[in-house]
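# give me coordinates for this.
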Amino acid sequence: MTGSRDRYVGLATGLTYHVVEWDGPADRTFVLVHGFSDLGRGWEPVAELLAPHGRVIAPDLRGHGDSDRVGAGGYYHFMDYVADLDDVIARCATGEVVLVGHSMGGSIAGYWAGTRPDRLARLVLLEGLGPPDLAAVDPVARTAMWIDAWKAARTKPAFRAMASIDIAIARLRKNDPRLDETTARRLAEVGTRAVTGGITWKHDPLHMTGGPYVYRLAVASEFWRRVTCPVLVVDGAESTLNLPHVERAARRAMFAHCRHVVVPDAGHALQRHQPAHVARLILEHAGITPAA
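Have a look, this model is predicted:
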């Protein structure tokens, strides 16, 4: 896309990350963190609107897109993403940091914001206040399930090959009916790779297993309460993948400085459904008046 370039960055965690960059004024960096099974180039329509106002970086998280997978013996424990993000920002960001996370990427961004509050100027969470609290889940049963799923994922075939890009597009639009044909085609092009018999998704199938350490709201809240910068929480008005309103309000209250906005005519993937609206909200939160 216009103005972007691909960069490969070796991290202290031992993996090489693929990072998409857009040039812009060096006194500010917008860091865009994608959600589960997505990738950095999924931010393209938003990033192009942000770039005139600062540098933009959109990494592929480990095991997603063109970043390294963990390899034999490894697993995707959640705090590993946070450690990766810390090094991506240290190596790639300049000036003040405006961190934006969608869905799972919002959880990662929230953990990092509480870990490095002095490094962050603004935080934006797009449907990113975490999944339901699973503190009551039996840890023994969960561990047994994880072990069995891990074994199965390493022995059974990966995703079944799709014969054409059109099949990938159809699957994307089935899972997200609000996704237009042009956006779906672009996501299918950048989100798949060639294999024998056709194409397959780039993300590691191991992501489809449930890890042994479940989401605990009490833990997340410890990070959120340490966030000192202004926080913007953005939800899609038509989302079917968000928490109940009362639960979302309680979680927003855990941030010291939080504002909430709902984007109309948008579902869970609101950066795909309303990219211009989302970009405008990010810029306004960063103290920038977008051009009319």
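
# poorly predicted segments of the stretch 1-150 of the chain, please.
For the stretch 1-150 of the chain, the stretches with pLDDT under 70 are 1-2.

# mind redoing it with 50?
When residues are selected by pLDDT under 50, those of the stretch 1-150 of the chain lie in 1.

# just the strands in it please.
Assigned by DSSP state E, counting those that start in this stretch, the stretch 1-150 of the chain shows strands spanning 4-10, 16-22, 28-33, 55-59, 96-102, 122-126.

# residue 19 versus the residue nearest the centre of the chain, what's the distance?
Central residue check for the chain by C-alpha atoms, centre = their mean: the C-alpha nearest the mean position is that of residue 34, 2.1 Å away. Noted for residue 34: a distance of 12 Å to residue 19, by C-beta to C-beta, to the nearest Å. Every C-beta, even on glycine, is put in place using the N, C-alpha and C of the backbone.

# measure how far stretch 116-133 is from the centre of its chain, please.
Relative to the centre of its chain, stretch 116-133 is centred 11 Å away, using C-alpha atoms, centre = their mean, to the nearest Å.

# same thing with stretch 241-252?
Computed by C-alpha atoms, centre = their mean, the chain-centroid distance of stretch 241-252 equals 19 Å.

# host element of residue 172?
Using DSSP states H and E, residue 172 sits within helix 165-175.

# quick one: buried residues of that helix?
Neighbour-count burial for helix 165-175, counted by 16 or more other C-beta atoms under 10 Å, picks out 168, 169, 172, 173.

# of the residues you listed, which is the nearest to residue 197?
Of all the buried residues of helix 165-175, residue 168 has the smallest distance to residue 197: 13.4 Å, by C-beta to C-beta.

# residue contacts, the closest one?
By C-beta atoms under 8 Å, 6 or more residues apart in numbering, the contact list for residue 168 reads 162, 188, 191, 192, 199, 201.

# one more: residue 6?
Residue 6 makes contacts with 18, 19, 20, 21, 66, as judged by C-beta under 8 Å, 6+ apart.

# who's it bridged to?
residue 20 (DSSP bridges).

# quick check: the gap between it and residue 40.
Distance, residue 6 to residue 40, using C-beta to C-beta: 9 Å.

# common neighbours of the two, please.
Common neighbours of residue 6 and residue 40 (C-beta under 8 Å, 6+ apart) are 18, 19, 20.

# tally of neighbours for residue 24?
The tally of other residues near residue 24 (other C-beta atoms under 10 Å) stands at 20.

# same check, this time on residue 243
The burial count for residue 243: 18, using other C-beta under 10 Å.

# my guess is it meets residue 132, correct?
Yes: using C-beta atoms under 8 Å, residue 243 makes contact with residue 132 at a distance of 6.8 Å.

# quick check: closest non-adjacent residue to residue 108.
Nearest residue to residue 108, sequence neighbours excluded (C-beta to C-beta, 6 or more residues apart in numbering): residue 81, at 4.7 Å.

# do I have it right that that neighbour meets residue 61?
Yes: with contact defined as C-beta under 8 Å, residue 81 counts as touching residue 61 (5.6 Å).

# so those two - more neighbours on which side?
residue 61 (29 against 24).

# and that one, what does it touch?
33, 34, 67, 81, 84, 105, 108.

# let's see that with 7 Å instead.
By C-beta atoms under 7 Å, 6 or more residues apart in numbering, residue 61 lies in contact with 34, 67, 81, 84.

# same deal with residue 201?
Applying C-beta under 7 Å, 6+ apart, we find residue 201 in contact with 159, 191, 192.

# can you count the residues close to the second one?
Taking other C-beta under 10 Å as the criterion, the count of residues near residue 191 is 21.

# overlap in contacts of residue 34 and residue 19?
What both residue 34 and residue 19 touch, as defined by C-beta under 7 Å, 6+ apart, is the set residue 40.

# let me know the pLDDT of residue 154.
The per-residue pLDDT reported for residue 154 equals 82.

# confirm it sits in a helix?
Yes: assessed by DSSP: H, G, I helix; E, B strand; the rest coil, residue 154 belongs to a helix.

# burial measure for the residue nearest to it when sequence neighbours are not counted, as a count.
Once flanking residues are discounted, residue 154 sits nearest to residue 206: 7.6 Å by C-beta to C-beta, 6+ apart. Residue 206 has 18 neighbouring residues, counting by other C-beta under 10 Å.

# could the buried residues of helix 165-175 go into a markdown table alongside distance to residue 271?
Formatted as a markdown table, the buried residues of helix 165-175 follow (distance: C-beta to C-beta, whole Å):
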| residue | distance to residue 271 |
| --- | --- |
| 168 | 20 |
| 169 | 19 |
| 172 | 15 |
| 173 | 17 |
